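Undergrad: how would this look folded up:
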Amino acid sequence: MDTGKKAAIGGTIILILAVGIRVGLIYRERHEDVKPVEVAQTKADPDDLVYLKQQHPDSLKDEKDLIGQTIWVSAGGQMDYYPYVAHKIDVAKSAGLLLGAEPLVIKDAVEQVAPKGMTYRIPAGDKQVWLVFTMPKSADPAKEYAAPVGYREGTTYTFLTDEIFFYEDPHKLYSHWTPEQWAAIDSHNVIPGMNERQVELSLGQVSKSESQDYGNRTVNFDHQGHPVDVTFAKNKATTIRPD
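TA: You can find the predicted model right below:
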């Protein structure tokens, strides 16, 4: 066999081997076990997993369905309440502010024209809707009070009860909070380590901050007219000081 033929045969063999190796590599790549993509696991905040009931009331009857039930204040520090005597709301002087996690036993739901010149967090409308209740933790648990929770324009009602109250005991809803944290909330104080949600429930929702970085900022809580600055880092209270 001459040299030219030998070179041609050798080149062909080398080409066949190269193609065979390449095909083998492609086959192996396509049939190797696919390695799962590692996804960073983020731990869910237990507070965000709490289911809060909503009633979506749209009539006075819906509010009256609460009669006999206990509800708890969610929007602490925002709503004034007033004495309810002889089926009348005495709006001459506020009896106080509804505080976070305070239980209320509902006795009635009534409509009343808002007195002129008085300002409430609930719009006046044609008539306001008030819940009548007792406060089992107060010095006189039989005494009745009332607070506005909605209003009527013509035949249309607007209610804020879903935003103002818990329909279940928050101590059970947030049972993962420690006894020490709940003791601070029930006494409307703050201890180090509490998160913003806990401090808000304890001191009230009337607050302000120069930062929008929730859990990593300083918040000034009005706290019933006795301001308190609370600094949070990684959503834990680190510094607590009167304003």
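Undergrad: which parts of stretch 207-222 are buried?
TA: By neighbour count on 16 or more other CB atoms under 10 Å, the buried set for stretch 207-222 is Ser207, Ser209, Val219, Phe221, Asp222. For every residue, glycine as well, the C-beta is placed using N, CA and C.
Undergrad: which of those residues lies closest to Lys88?
TA: Nearest to Lys88 out of the buried residues of stretch 207-222 is Asp222 (CB to CB; 30.0 Å).
Undergrad: could you double-check that the closest one sits in contact with Val206?
TA: Yes: if you go by CB atoms under 8 Å, Asp222 and Val206 touch, sitting 4.0 Å apart.
Undergrad: got any residues that touch both of those two?
TA: Gly77 (CB atoms under 8 Å, 6 or more residues apart in numbering).
Undergrad: for the protein, which segments count as strands?
TA: Ranges of strands in the chain, per DSSP state E, are 70-73, 80-85, 88-89, 96-97, 103-112, 127-134, 144-153, 156-159, 165-166, 207-208, 218-221, 228-233, 236-242.
Undergrad: got the CA positions of the second one in PDB?
TA: Meaning strand 80-85. Taking Å, rounded to 0.1, in the frame of the first residue of the first chain, the C-alpha atoms of strand 80-85 are listed here in PDB:
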ATOM      1  CA  ASP A  80     -62.100  56.800  71.900                       C
ATOM      2  CA  TYR A  81     -64.900  55.100  73.700                       C
ATOM      3  CA  TYR A  82     -67.800  56.800  75.700                       C
ATOM      4  CA  PRO A  83     -70.200  56.000  78.500                       C
ATOM      5  CA  TYR A  84     -73.400  54.400  77.400                       C
ATOM      6  CA  VAL A  85     -76.200  55.100  79.900                       C
END
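Undergrad: where does the closest residue to Ser74 other than its chain neighbours land on pLDDT?
TA: Once flanking residues are discounted, Ser74 sits nearest to Phe166: 5.0 Å by CB to CB, 6 or more residues apart in numbering. pLDDT for Phe166: 98.
Undergrad: ok, now which ones touch Phe166?
TA: Leu52, Lys53, Ile71, Trp72, Val73, Ser74, Ala101, Leu173.
Undergrad: going by distance to Pro242, which of these wins?
TA: For the contacts of Phe166, the nearest to Pro242 is Ala101 (22.1 Å; CB to CB).
Undergrad: could you count how many residues lie near that closest one?
TA: Residues lying near Ala101 (other CB atoms under 10 Å) number 20.
Undergrad: I'd say it and Glu200 touch.
TA: No: at 11.0 Å, Ala101 and Glu200 do not qualify as touching, with contact defined as CB under 8 Å.
Undergrad: for Tyr51, which non-adjacent residue is spatially closest?
TA: Using CB to CB, 6+ apart, the closest residue to Tyr51 is Leu173 (8.0 Å).
Undergrad: now do the helices in this structure.
TA: For the chain, the helices defined by DSSP state H occupy 3-31, 60-64, 161-164, 170-173, 179-186, 196-203.
Undergrad: what two of the buried residues of stretch 207-222 have the greatest distance between them?
TA: The span of the buried residues of stretch 207-222, defined through CB to CB, is set by Ser209 and Asp222 at 12.2 Å.
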